[in-house]
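Engineer: My questions concern the predicted model and sequence given below.
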Amino acid sequence: MLRFIVRRLLQLIPTLGGLSILLFVWLQRLPGGPEYALLPDDATAEQRAELRRSLGLDEPVMVQYLAFLRRIAQGDLGTSLTTGRAVTEEFLTRFPATVELSVTAMLIAVTAGIPLGYLAARRRGSVLDVAAVGGSLLGICTPVFFLAFILKVVFAEKLGILPSAFRLSPGTNRTDLSGLVVLDGLRTGEFDVVWNALLHLALPGVALASIPLAVIVRMTRASVLEVVGEDYVRTANAKGLHRNTVRTRHVMRNALLPVVTSVGLLTGALFSGAVLTESVFAFPGIGSFIYEATQTRDYPVLTGFILLIATMYVFINLLVDISYSLLDPRVRAQ
């Protein structure tokens, strides 16, 4: 088990190194060079030359790359061109909102997807199975931003039963401990704030959960169908074990192995879907800020946020690999 974890940690080094190279090359290949992206269009040639000297862009490429790595190691990801604040500070300010939205979406996908996929497999060929397979296919094919617009128009603007934007209603007072509105409200006993936050999370959470939900339903169904036909399941049934014992210890435990892996990949992918979802619902998270940075050509924000999100994605998958090893004894033996 320990060797498995150490091997996974060592595999992070080339992954993060390759990511740093891609980001460095991207910065070097910006139209006109980084100085044209960082300065306004009416900047003089002297200002551009001065910026190149201050950023070390007149140094050899290898020297520039090593300086780039040194800044990353020190946590210096630059300063936002639009707000004037450090990129790391901007990220930490908006990160809790995206975490709250992503956790909500994944909870919806897992709590609904696994039972639905299991029932569809157990009742193969039934109306429920056809509906689950067809609905999951529709969920995968429907763009997240399109579903978000539909939900916003129907439930917020037409029916008016759910809020259409922001994390909380304007004028709501709360105690901020960690930036996580729901968690802070539970810790301080501000249950009206918790309810208000959950209402604001409902529509973006459902929209963001659509693709993970569809993938989990299809993967759970396929995995359960495969496991049910295995010899050890038939042997357990022949021995007369209780049906619930067979389901939990033999079927679901083994069927969840590929699902756990997919959940890790989908959790990382939620950050990309959050860009459009947060923009539709004016949700003040990482995604909406990346969208604004794209519009304003705030390249330090784009570079820093991409690096931080990709790093989180890598570590999330590391945690998933460790969870997989806890479920699969064959991995623990390695």
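Structural biologist: Nice, thanks for sending it over.
Engineer: contacting residues for residue 254?
Structural biologist: Residue 254 makes contact with 227, 230, according to CB atoms under 8 Å, 6 or more residues apart in numbering. For the C-beta atoms, the positions are set from N, CA and C on the backbone; glycine is no exception.
Engineer: Could you check the host helix or strand of it and say which residues are buried?
Structural biologist: Using DSSP states H and E, the element containing residue 254 is helix 253-280. Of all the residues in helix 253-280, those buried under the rule 16 or more other CB atoms under 10 Å are 254-257, 259, 261-264, 266-268, 270-271, 273-280.
Engineer: what angle do the next helix or strand after that helix and helix 253-280 make?
Structural biologist: Once the chain leaves helix 253-280, the next helix or strand it forms, by DSSP H and E, is helix 286-296. Here helix 286-296 points in a direction 40 degrees away from that of helix 253-280 (axes from the mean of the first three to the mean of the last three CA atoms, to 10 degrees).
Engineer: mind listing what's buried in helix 286-296?
Structural biologist: 286, 287, 288, 289, 290, 291, 293.
Engineer: Now do the helix or strand just after it and helix 253-280, the angle between them.
Structural biologist: Where DSSP H and E defines the elements, the next helix or strand beyond helix 286-296 is helix 299-327. Angle, helix 299-327 to helix 253-280, by the same axes, to 10 degrees: 160 degrees.
Engineer: Now helix 299-327: average pLDDT?
Structural biologist: The pLDDT scores in helix 299-327 average 76.
Engineer: how far does that helix sit from the chain's center?
Structural biologist: 9 Å (CA atoms, centre = their mean, to the nearest Å).
Engineer: Does that helix pack against any helices or strands, and if so which?
Structural biologist: Counting contacts by 3 or more CB pairs under 8 Å, 6 or more residues apart in numbering; DSSP states H and E, helix 299-327 packs against helix 2-28, helix 34-38, helix 87-122, helix 253-280, helix 286-296, helix 329-332.
Engineer: what sits against residue 75?
Structural biologist: Residue 75 neighbours (CB under 8 Å, 6+ apart): residue 88.
Engineer: what do you get for the one 4 residues further on?
Structural biologist: When contacts are counted by CB under 8 Å, 6+ apart, residue 79 touches 85, 86, 87, 300.
Engineer: Can you give me the neighbour number for the closest residue to the third one other than its chain neighbours?
Structural biologist: So that's residue 87. In this structure, residue 87 finds its nearest non-sequential neighbour in residue 304, 3.6 Å apart by CB to CB, 6 or more residues apart in numbering. Residue 304 is flanked by 24 other residues according to other CB atoms under 10 Å.
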